[in-house]
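Chemist: Structure, please.
(2 chains)
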Amino acid sequence: MVMFLVGCAMGANSQSALNDTISLESVSIYSTRPVAGTLSGYKVHRIDSLALMEKAGVSLSELLTENSPIFVKTYGRGATATVSFRGTSSSHTRVLWNGIRINSPMSGEVDFSLIPLYFADDVNILYGQASMAYGSGGLGGLVSIDSNPDWSKRYGLKLYQSVGDFQTYSTAIHGGYGTDALRGQTRFFRETSQNNFTYRNTAKIGKPTEVQKNADYTKHGIMQELYFRPRANSMISAKLWFTQTDRGIPKLMSGFSHDEINRQENQNFNAVVAWQSYRENGNWKLSSGLSYLSLSYQLQKLSAEGNRLPVLDSHSDARSWYNTLGYDRDVLSWLTLGFQADANLHWVESNEEVLSTAIACKQNQLGIRTFIHAKPLERLSLSLLAGEEVYDNRTTPIMASLSAQYLFLPQKNLMAKAGLARNFHYPSLNDLYWQPGGNPNLKPEEGVTGEAGISYTAIPFGSRVNIEVSAFSSEINHWIMWLPHLKGYWEPVNIEKVKARGLEGTLSLSLSPGRFKLKFLGNYSYTRSTVEDAGGVLRAEAKGRQLPFIPIHSAGVSANIQLRNYRLTYSFTHFSERFTTTSNNPNSIRPLYPYYMNNISLGYDLRVRSSLLGFQFRVDNLFDESYQTILWRPMPGRNFSLLVRLEI
Amino acid sequence: MRKRIVKYLTILSVLLSFAGCMDDDVLPTSPVDLFGSRGVFIVNEGNYLYGNASLSYYDIETREVINAIYAKANGVPPGDVAYTMQIHSGKGYLVVNNSGCIHVVDANSMLHLGTIEGLPSPRHLLFLDNNRALVSDLYARGISIINTATLKVIGKIPTGSSSLPFYQHSTENMIRIGDKIFVNCWSFDNKVLVISTESLTVTDSIEVGIQPMAMVKDRNGNLWIMNDGGYQGNPFGWENPSLMLINTATLQVERRFVFPHLNDLAGPIATNPTGDSLYFVQTHIYKMSIDDTALSESYFVSGTGKNFQGMATDPLTGELYVSDAIDFMSEGMVYRYSPAGAPVDSFEVGIIPGSFCFN
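Modeler: Numbers count the residues shown, from 1 in each chain, chains lettered A, B, ... in the order given. Have a look, this model is predicted:
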């Protein structure tokens, strides 16, 4: 058995149980099988499949912005985008692709602009302690992106073509084929944009209208999936995914340099093999995945000799091997026990040609987790999880989580849930070893979080209303922040204590007045994330101030009206002012003013027998606002795109 | 049915009223008039790639501080990583390193007069005469010659080539002594270059310590160099920071003061107006005579809990101004001391205050 485990490596991380059907309703999953990662009392939000389909030609980061309180920090259209929630940083957002972690072992972050939505069938957001079912690190939470087999059709083909302003073209093909037992799915996408939008340059005298330069991008990728279902209760799947992204990095709006080259190239390859079996005597899940993340960055400036010379020419490769084994079993009708083990390895190499510097390091991670899920009363369920992880033979604090949910009114689905958890985040390899600045003595970030919430669902007259309100409070010790150093480079330091707390509210409605179908999703979150003890590394006045780049208020509204084959979607997102300093004092510089964004799209679907031809016309930045979301990185004004979708 | 539609439209219009409008023009302007005021400009670098550099002005007599004075006058920010400022013939020249430019302003109204563009990574300015100035550069391996009337680059002085390693020779501060211009090469380098004012070519070089970060001229027309010593893992090397005296006639290093620890934080240096005393930062601020042959044991001003980033002396009174970047992610402080080291005033400025310019 041990040999078997080592040989095919371990796994148990996939998001959902066997997905034979595709649910079209957005549901909050409160209690499903523990192996599915959703222990009771956890807050999990599944992105509506309609929203997923509508955003296919857009981006995952925009999907998250509009459909959740997640804060997306994007450096421009098509540019690097990182996400954070619940007042934490982007390295505290764990991201899983089909059960394997795709956070870079170097930075700890994920660039969401590299993930094509065409490759995602299911996107789930796990808040706070809900992420712990997949291991440590998700102090904010976890975003899980999955691709699933569609067993409903023997052959299926989907084609997407979109054309948009700024010479933006996107093409995707999704083919499915196979029998009831064996199924293959192949996807391909390519997206290019000159991204040469005009904007009013408010950083230059006279505020001239300028054309954005060097913001072009080309992204393409392929994904292959194979599913083998020998019996109804077991499945073996193999998935591989490769994307390549090449893009220019525009200078800041205030830049006056000439003849620069500033480009970034990413290559990401992920592959995972998983086996899952659901039987009377227990459920098994085993998965093994490989990940290769490569990043090249080049900056060249004009020299006195008149030629371009490299200022930075860096290349980094991160290779990871992820293995997970999971088992759970209903020992009693009301009691489930489970166990998970991880063994992961990382090899990282990074070099910079101009300075001839290089780092190379290896890291191994071992983790075990065990959980109990109990339903002692009809209306009450409890979950307990405990785990321990070891990094390069260094033990970490024990992670543990206790959560409960109670159903007050079964008819109205009024339920309350609460949880308490202790989680941690181990420093990334850049935090520890980056040259210069990396600090091998950094302590892991330790978070203690309490959360509680109420959810109410009613189904009056064929409509559906769901209201959910939750509150959380976290104390994070040894928070890692990169700060500039007197010697001119940046170095990570531990901030003794950060407190993040807030409120989240969600309202979703589905109505069918007359021949109309109306869907509404609104969310709001209030987040205070403050430094409580700077431990001498930040200014004394930083105490009690909001951490840079975390908005206090964020809100999103998405409304969808359908009439016959027509579909109108309006979405609105808002973030309050973000501070860029530890003092929160916007005196000496311009603050990142509140963000309000309105987008609208009109869709028409033509169905002929089992085929579908769909058109979607989108207007982004409806009110043609001149704005930035990061200091001095311009965003485009009103722009249009058309997506044509053919499904056979 | 119609009523319902009206209801939904009402809901939708209420929602749309939330839509608001983003205020992209939030740098308010107000006239600036510094005529007759004696003061010092503080150049605040801001954070790299944040574009949050700013310029502050401190009136030495009234002790009034005007922060973000460039933005106040012009309604736009100076750019990304403002580095140094010089005043020449009634005009201020603000060098903005990562914006690749120098903004020229009226020294009294701060109103923008023009921008010198296309400088790869400008650092310091030195005026050659009424028409020409030199601009040192971190990455160009050369010094740009600019015409101060047309605001155009009119020539280059090569200081290295692509066959040399790193960015050699990157150039920093430039000091003119007689018919020579001395330039320290800080970034992954250990040279002070000598440029002839006649030929505007590099004629000589002097080897100093690792990474000469700052340089000042003393009463005798000799140069004091602060070497930061590099850092752990620096591909060019890592050694104890040191202070050196260069005889500008013989081009020899005459004295060398090595700081006791590898991790000592070397900082800026300045002389008093008469040029016979030297202030330097080595975590704390030390004061020494230019004739001293050993480092002082006791500091002049404590730097405990501070990150001293820039230092200058008032050329009239000899008062010492030193800037503290604090945590580098918020507004810094400037401390003003009497020539005897007594605190006179302190005030908040912009993010990472790095250099001073007296008007």
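
Chemist: So what's the residue count around the residue of chain A found nearest chain B?
Modeler: Closest residue of chain A to chain B, CB to the nearest CB: A:Ala304 (2.2 Å). C-beta: built from backbone N, CA, C; applies to glycine. Using other CB atoms under 10 Å in any protein chain shown, the number of residues around A:Ala304 comes to 22.

Chemist: show me what contacts the residue lying closest to it once chain neighbours are set aside?
Modeler: Spatial nearest neighbour of A:Ala304, chain neighbours left out: B:Gly142 (2.2 Å); criterion: CB to CB, 6 or more residues apart in numbering or on different chains. Listed by CB atoms under 8 Å, 6 or more residues apart in numbering or on different chains, the contact set of B:Gly142 reads A:Ser303, A:Ala304, A:Glu305, B:Lys156, B:Ile157, B:Pro158, B:Thr159, B:Gly160, B:Thr171.

Chemist: secondary structure class for the residue of chain A closest to chain B?
Modeler: Of the three states, A:Ala304 takes coil according to DSSP: H, G, I helix; E, B strand; the rest coil.

Chemist: circling back: what about the contacts of B:Gly142, which one has the most neighbours?
Modeler: Neighbour max across the contacts of B:Gly142 (other CB under 10 Å) = B:Thr171, 33 neighbours.

Chemist: now it: how far from chain A?
Modeler: According to CB to the nearest CB, to the nearest Å, B:Thr171 and chain A sit 10 Å apart.

Chemist: correct me, but that residue touches B:Leu125?
Modeler: No. The pair B:Thr171 / B:Leu125 is not scored as a contact, 11.6 Å apart, by CB atoms under 8 Å.

Chemist: Pull up the overlap in contacts between the two.
Modeler: B:Ser136.

Chemist: how about stretch B:147-154 against chain A, any contact?
Modeler: No. Stretch B:147-154 does not reach chain A (CB under 8 Å from any CB of the partner chain); its nearest approach is 9.9 Å.

Chemist: Could I get the average pLDDT for that stretch?
Modeler: For stretch B:147-154, mean pLDDT rounds to 96.

Chemist: Quick check: the gap between A:Asn565 and A:Leu646.
Modeler: Taking CB to CB, to the nearest Å as the measure, A:Asn565 falls 15 Å from A:Leu646.

Chemist: for B:Ser54, same thing?
Modeler: 54 Å.

Chemist: Whether the helix or strand where A:Ala274 lies contacts chain B - can you check?
Modeler: Per DSSP states H and E: A:Ala274 is located in strand A:261-279. No. Using CB under 8 Å from any CB, strand A:261-279 never reaches chain B; the gap is at least 11.3 Å.

Chemist: ok, back up a step: which one of the contacts of B:Gly142 is nearest A:Ser558?
Modeler: Within the contacts of B:Gly142, proximity to A:Ser558 (CB to CB) peaks at A:Ser303, which comes in at 50.8 Å.

Chemist: Pretty sure that closest one sits against A:Pro310.
Modeler: No. A:Ser303 is beyond contact range of A:Pro310, at 9.9 Å (criterion: CB under 8 Å).

Chemist: where are the low-confidence patches of chain B?
Modeler: B:1-20, B:26 (pLDDT under 70).

Chemist: Smallest gap between it and chain A, at which residue?
Modeler: B:Gly142 (2.2 Å).

Chemist: ok, the residue nearest in space to the middle of chain A to A:Leu503 distance?
Modeler: Residue closest to the mean C-alpha point of chain A, counted by CA atoms, centre = their mean, is A:Val143 at 4.2 Å. Distance of A:Val143 to A:Leu503, given as CB to CB: 21 Å.

Chemist: what do you get for A:Glu475?
Modeler: With CB to CB as the criterion, A:Glu475 and A:Leu503 are 17 Å apart.

Chemist: do B:Ala325 as well
Modeler: Counting by CB to CB, the gap from B:Ala325 to A:Leu503 is 36 Å.

Chemist: Quick check: the residue of chain A closest to chain B touching B:Val135?
Modeler: No. Look at A:Ala304 against B:Val135 with CB under 8 Å: they stay out of range, at 11.0 Å.

Chemist: Give me the common contacts of these two.
Modeler: Joint contacts of A:Ala304 and B:Val135 (CB under 8 Å, 6+ apart) are B:Ile143, B:Ser144.

Chemist: where do the helices sit along chain A?
Modeler: Using DSSP state H, the helices found in chain A span residues A:2-8, A:49-54, A:60-67, A:429-433.

Chemist: what does the stretch 101-250 of chain A have sitting close to chain B?
Modeler: Proximity of the stretch 101-250 of chain A to chain B (CB under 8 Å from any CB) is limited to residues A:Arg200, A:Thr202, A:Ala203, A:Lys204, A:Ile205, A:Lys207.

Chemist: any idea which of these is the one closest to B:Asn190?
Modeler: Distances from B:Asn190 to those, taken by CB to CB, are shortest for A:Ala203, at 37.1 Å.

Chemist: number of nearby residues for the closest one?
Modeler: 24.

Chemist: Could I get the contacting residues of A:Ser136?
Modeler: Here A:Ser136 is in contact with A:Gly367, A:Gly387, A:Glu389, A:Thr396, A:Met399, A:Asn423, A:Phe424, A:His425, A:Tyr426 (CB under 8 Å, 6+ apart).

Chemist: picking up where we left off before, report the strands that pair with the strand holding A:Ala274, each with its relative direction.
Modeler: strand A:234-248 (antiparallel), strand A:282-302 (antiparallel) (DSSP bridges).

Chemist: tell me which residues in that strand are buried?
Modeler: A:262-264, A:266-278 (16 or more other CB atoms under 10 Å in any protein chain shown).

Chemist: hey, which strand is longest across the chain?
Modeler: Unless you meant another one, I'm taking chain A. Of all segments of type strand in chain A, defined using DSSP state E, the longest is strand A:308-332.

Chemist: other chain: chain B
Modeler: Per DSSP E, chain B has its longest strand at strand B:343-351.

Chemist: Is there any residue in that strand that contacts chain A?
Modeler: Yes. Interface with chain A: strand B:343-351 contributes B:Val349, B:Gly350, B:Ile351 (CB under 8 Å from any CB).

Chemist: packing partners for that strand?
Modeler: strand B:39-44, strand B:54-59, strand B:65-66, strand B:331-337 (3 or more CB pairs under 8 Å, 6 or more residues apart in numbering or on different chains; DSSP states H and E).

Chemist: Any part of the shortest one near chain A?
Modeler: No. In terms of CB under 8 Å from any CB, no part of strand B:65-66 sits within range of chain A; the closest distance is 10.7 Å.

Chemist: Please apply the same query to the second one.
Modeler: Yes. Counting by CB under 8 Å from any CB, chain A has neighbours in strand B:54-59: B:Ser54, B:Ser56.

Chemist: what are the ranges of the strands in the stretch 151-300 of chain B?
Modeler: For the stretch 151-300 of chain B, the strands defined by DSSP state E, counting those that start in this stretch cover B:152-158, B:174-177, B:180-185, B:191-196, B:202-207, B:212-217, B:223-227, B:242-247, B:252-258, B:266-271, B:277-282, B:284-289.

Chemist: right, and the ones you listed - which one's nearest A:His373?
Modeler: Taking the strands of the stretch 151-300 of chain B one by one with CB to CB, strand B:266-271 is closest: 59.1 Å.

Chemist: Run the chain-centre distance for that closest one.
Modeler: For strand B:266-271, the separation from the chain centroid amounts to 12 Å (computed by CA atoms, centre = their mean, to the nearest Å).

Chemist: Likewise for stretch B:240-247?
Modeler: The mean C-alpha position of stretch B:240-247 is separated from the chain mean by 20 Å, CA atoms, centre = their mean.

Chemist: circling back: tell me which residues form a beta bridge with the residue nearest to A:Ala304?
Modeler: Residues in beta-bridge contact with B:Gly142 (DSSP bridges): B:Pro158.
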